[in-house]
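Student: Quick check, what structure comes out for this input:
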Amino acid sequence: MDLLGSILGSMEKPPSASEKERKIAKAFKEKKEMAERKSHKEREKYKLEVTSKVEKFMADQKATRLKLPPASKNNRSLAHEIAEAGGLIAHSFGTEEIDRYLMFFKKENPPSEEEFRALRNGEEYDPSKEKMASSSSSATVSIEPSSKAKDRHASTPSYGETPHYQEKYKHLLGGLDCTEKTAVKMEPNKAFGYVPSSNKKDLRSIEQTLNDMKSRKRPKMDTIETDDALEHTSTKRTKDSSEEL
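Tutor: Numbering: from 1, shown residues only. Below you'll find the predicted structure:
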């Protein structure tokens, strides 16, 4: 027997559950399975109900909103999936775990800001009020520009008058007619960057140019030859000394 087998053999076995504990565990398992089956049945039932309502809602061309009864969070998530599959807009309203419900909207008739705000606040939305408010706001908007335009026209200086900023900063500018007097006229420097053509020409002949190039290269070649000769001499001396030894 190996070491591991001897250790396992010397260990005590785990205590076995009593008959009472086994019955409790079995009852708990059966209760859990029953609750899961019940939840599954309720979910399928809710799915069928919502699906049938959505089909009727989409078939009715006059209907633009569909309000579902309050439901749990899991059922609402299922309703959201059904709405997404049907191409509808879904929003939840109400208080969680009290009266939270779901409302479907057709994409061609989405909720307005006023309607959405009213539903969020738990109020009944009245489209006639929104029309009255929009008509009154449009009327005020149509009246206001005319009065504002008159005031703006009266305050705007006519052509040829002195701008307001010149009157405001007259003490800094030195007068109202100081702009042309104090302006500095800039004239371009035509000679800037000019190089005479005589400076650009090389007056040497071709032979002279080649000779100059050779004369610049010759010192470099002489230096290289001198270094090679010294290296050869030192190598020869080292070889002769080694042969003598």
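Student: And the helix or strand that contains residue 102, what does it pack against?
Tutor: Applying DSSP states H and E as the criterion places residue 102 in strand 101-106. Using 3 or more C-beta pairs under 8 Å, 6 or more residues apart in numbering; DSSP states H and E, the elements in contact with strand 101-106 are helix 19-59, strand 65-67, helix 73-86, strand 88-93. For the C-beta atoms, the positions are set from N, CA and C on the backbone; glycine is no exception.
Student: Buried ones in stretch 85-99, by neighbour count?
Tutor: In terms of neighbour count (16 or more other C-beta atoms under 10 Å), stretch 85-99 has its buried residues at 86, 88, 90-93.
Student: on that earlier part again, now tell me what touches the strand holding residue 102 from outside.
Tutor: Strand 101-106 is contacted by residues 54, 57-58, 63-71, 76, 79-80, 83, 88-94, 111, 119 when judged by C-beta atoms under 8 Å, 6 or more residues apart in numbering.
Student: now those: which count as buried?
Tutor: For the contacts of strand 101-106, a neighbour count by 16+ other C-beta under 10 Å gives the buried set as 54, 57, 66, 68, 71, 76, 79-80, 83, 88, 90-93, 111, 119.
Student: any low-confidence regions in this protein?
Tutor: Within the chain, the stretches with pLDDT under 70 are 1, 129-166, 169-186, 188-202, 219-230, 232-245.
Student: let's see 90
Tutor: Applying pLDDT under 90 to the chain flags the ranges 1-26, 39-40, 61-62, 64, 71-75, 85-86, 94-99, 107-245.
Student: Could you pull out the buried residues of stretch 34-47?
Tutor: Neighbour-count burial for stretch 34-47, counted by 16+ other C-beta under 10 Å, picks out residue 46.
Student: coming back round to it: I'd like the helices and strands packed on strand 101-106 as CSV, with distance to residue 3 appended.
Tutor: Shown next, in CSV, are the helices and strands packed on strand 101-106 (distance: least, C-beta to C-beta, whole Å):
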stretch, distance to residue 3
helix 19-59, 35
strand 65-67, 72
helix 73-86, 54
strand 88-93, 64
